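No sequence on hand, only this structure:
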């Protein structure tokens with residue numbers, strides 16, 4: 001039997017495609033979003049509650065759910081579940097010219113490389129790839145525009161360089177507004193507070209760095225964390241694993 005909360009992260013070299021397998025997990029994940037990433041979830045065993053935007057739904061064995069880029073969502077586990085998540089970066093859609101036949105071939109190849117295709121039924125494999133059809137010709141899904149130029153610029157700045165020190169007071173001063181007004185506007189537009197958004201982007205940068213960094217400390221510092229215990233706490237909250245376990249669980253497709 002796999003140990004509780006066993007997670008495998010399988011990524012291609014350029015991270016344009018990632019397969020995440022949570023086996024017999026009891027983990028819940030806080031509110032977050034995926035930047036320029038389209039996610040398909042397939043519940044293989046058990047059930048879990050997924051809140052996407054303002055809508056919550058319980059998904060059971062054999063059911064799939066779709067999370068578009070930037071849409072805030074959370075996962076709550078009432079009991080153990082096994083979940084396969086297929087995360088596809090905008091870069092791969094562009095590379096395939098939004099041709100779903102080419103994209104499905106890439107996904108099927110990745111699933112075979114991940115050694116999970118044999119664990120899934122034919123119907124489940126079809127479910128996963130058929131979910132991609134909903135993206136056909138919808139490049140605009142990846143173009144998240146809040147309608148507020150300052151919020152757009154701030155969002156892009158926090159995405160590109162989350163490691164830079166940029167406090168909420170600094171953000172408010174740059175916007176010539178109060179920090180409370182800025183927080184309300186940013187959360188209304190992005191679904192997260194500026195601090196939450198900055199933190200999750202730091203975690204994602206650390207995830208990318210951990211595969212090549214010499215030490216956990218170096219990855220943490222480069223991603224913008226000054227305190228290693230603070231880094232480990234938030235990393236585990238967002239990924240379900242400690243940085244060391246995450247590094248050990250990552251494999252190339």
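Here it is on my side, so go on. Please read these numbers as outputs of a predicted model, since none were measured by experiment.

if you count residues, which helix in this structure comes out on top?
helix 194-210 (DSSP state H).

What helices and strands are in contact with it?
Counting contacts by 3 or more Cβ pairs under 8 Å, 6 or more residues apart in numbering; DSSP states H and E, helix 194-210 packs against strand 29-32, helix 149-160, helix 168-175, helix 179-190, helix 216-222, helix 228-239, helix 243-249. No exception for glycine: its C-beta is placed from N, CA and C like everyone else's.

do that again at 6 Å, thanks
Secondary-structure packing of helix 194-210 (3 or more Cβ pairs under 6 Å, 6 or more residues apart in numbering; DSSP states H and E): helix 149-160, helix 216-222.

In terms of helix, strand or coil, where does residue 214 fall?
Three-state call for residue 214 (DSSP: H, G, I helix; E, B strand; the rest coil): coil.

follow-up on the earlier one: now the longest helix of the chain: buried residues?
194, 196-207, 209-210 (16 or more other Cβ atoms under 10 Å).

Name the nearest of the residues you listed relative to residue 89.
residue 204 (11.6 Å; Cβ to Cβ).

what mean pLDDT does stretch 125-137 have?
Stretch 125-137 shows a mean pLDDT of 78.

do stretch 76-90 as well
Stretch 76-90 comes out at a mean pLDDT of 92.

Ok, stretch 212-228 next?
90.

That stretch spans what distance, first to last residue?
Using Cα to Cα, to the nearest Å, the span of stretch 212-228 from its first residue to its last is 18 Å.
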